[in-house]
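*Asks:* The sequence and its predicted three-dimensional model are supplied below.
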Amino acid sequence: MTQDTFIPVIDLAPAHTGNYALVGQKIHDAFVSSGFCYIKNHGIPTECIEELKKQSLDFFHLPLSEKERYRPKQAVRGFNALNRTIMYGAARPDYKEFYQIGPELSPESEQKLPKNELQGVNIWPEDRPAFRDAFLAYYKAVAECGQILLKAVAHSLNLESQFFEKKYHYPLQRTQTIWYPPAEARFESEIITYGVAPHTDYGCITLLWQDDTGGLEVQNLQNEWVSAVPIPDTLVINIGDLLCRWSNDRYRSNMHRVLNKSGKERFSIATFYDPDFDAVIDPSDLGLPETEASHYEPVTAGAYIMRRISESQKKKSA
């Protein structure tokens, strides 16, 4: 299997016009083998991406004391400094900074939502309206892409195209801009400092825009690390543990990591597009064959994701 077939480029254009089945078959093949693909014709305007990149880098280049004013008050929403997260089994915390937003709901919102740490009020830097505008514009555009993509994913599992919509009334969409500082000198020791240590994602689908620096690597079927090289005008798509569970292991939630050995900064935008907090993730919903037993007990999306987030933020014991 070549790199091109292991992480294929899939054209999302047919899905934009309602041909989800054509895209779905290609998604099926990718998610069974690697759990990863690229998509082109995703529909997010280039200027939307570039503006968020500009505004985010302007923020990340501020003094730490200024950025720390916007530390999370709720889950990981807001600015997260270096060493904020540590993946399971990692010797060191991830060497990255990120800024995260979620569903933009005010305290006066009339939407009756469950009280939880993944939905609430976003934190915004003062006197930076362009930062907020750029973030929200991208957030909306990537959500539209996620909705279309999930219809193709539904077809890939022989489900009706609207299947996932029933679980996405108030989705747990978290979008974060991620800055990896130059880290060349940090690879001289025997213990590698990862931008993001090897891990699987927590939720259903991840939509990632990456700059041209490189550094994202995916584990292949031989447990070797394969570079997910930056391809202009594409997003990298991968599934997470919840969709793996939901599919009863038909789809692969695959290990991946970031190693920024470039000697320069790296920037990416990750969106975790997940179901409602109280959505029940049950493999039997996907129509298991009579001869195939469910591998997993039902879980709610929010409880599962919050547990994984909490584990990643625990301080490493001495």
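*Replies:* Perfect, thanks for sending it.
*Asks:* how about low-confidence regions in the protein?
*Replies:* The chain contains residues with pLDDT under 70 at 1-4, 74-75, 88-91, 105-117, 183-191, 312-318.
*Asks:* if we go to 50?
*Replies:* Low-confidence segments of the chain (pLDDT under 50): 1, 185-188, 315-318.
*Asks:* Helices of that one, residue ranges please.
*Replies:* With DSSP state H as the criterion, the chain has helices at 3-6, 13-16, 20-33, 46-60, 64-67, 129-156, 241-246, 301-312.
*Asks:* Highest mean neighbour count out of those helices?
*Replies:* Mean neighbour count (mean count of other Cβ atoms under 10 Å) peaks for helix 241-246 among the helices of the chain, with a mean of 24. Where you see a C-beta, it was placed from the backbone N, CA and C, and this is true even at glycine.
*Asks:* Can you check which of the helices of the chain gets nearest to residue 212?
*Replies:* Smallest distance to residue 212 across the helices of the chain (Cβ to Cβ): 11.5 Å, for helix 46-60.
*Asks:* I figured residue 33 hits residue 252, correct?
*Replies:* Yes. Between residue 33 and residue 252 there is a contact at 7.1 Å, judged by Cβ atoms under 8 Å.
*Asks:* Quick check: the gap between residue 6 and residue 35.
*Replies:* Between residue 6 and residue 35 the distance is 10 Å, computed by Cβ to Cβ, to the nearest Å.
*Asks:* and what of residue 58?
*Replies:* Distance from residue 58 to residue 35, by Cβ to Cβ: 34 Å.
*Asks:* Where do the strands of the protein begin and end?
*Replies:* Secondary structure of the chain (DSSP state E): strands at 9-11, 36-40, 78-80, 97-101, 172-180, 196-199, 205-210, 216-219, 225-227, 234-239, 256-258, 266-274, 280-281, 299-300.
*Asks:* could you list every residue that touches the residue lying closest to residue 81 once chain neighbours are set aside?
*Replies:* With Cβ to Cβ, 6 or more residues apart in numbering as the criterion, residue 81 has its nearest non-adjacent residue at 5.8 Å, and that residue is residue 97. If you count contacts by Cβ atoms under 8 Å, 6 or more residues apart in numbering, residue 97 has them with 60, 67, 79-82, 84, 178-179, 181.
*Asks:* what bridges to residue 97?
*Replies:* Note on residue 97: beta-bridge partners residue 179, judged by DSSP bridges.
*Asks:* Could you check how far it is from residue 205?
*Replies:* Residue 97 is 24 Å from residue 205, by Cβ to Cβ.
*Asks:* and what of residue 37?
*Replies:* To residue 205, residue 37 is 11 Å away according to Cβ to Cβ.
*Asks:* list residues touching both of the two?
*Replies:* Counting by Cβ under 8 Å, 6+ apart, the common neighbours of residue 37 and residue 205 are 237-238.
*Asks:* where's stretch 43-51 relative to the chain centroid, distance-wise?
*Replies:* 18 Å (Cα atoms, centre = their mean, to the nearest Å).
*Asks:* can you check stretch 204-220 too?
*Replies:* Worked out by Cα atoms, centre = their mean, stretch 204-220 lies 9 Å from the chain centre.
*Asks:* what's the span of it, first residue to last?
*Replies:* With Cα to Cα, to the nearest Å as the measure, stretch 204-220 spans 20 Å from end to end.
*Asks:* can you check stretch 199-206 too?
*Replies:* Note: stretch 199-206 ends 13 Å apart using Cα to Cα.
*Asks:* re the thing from before, any idea how far residue 126 is from the residue nearest to residue 81?
*Replies:* 18 Å.
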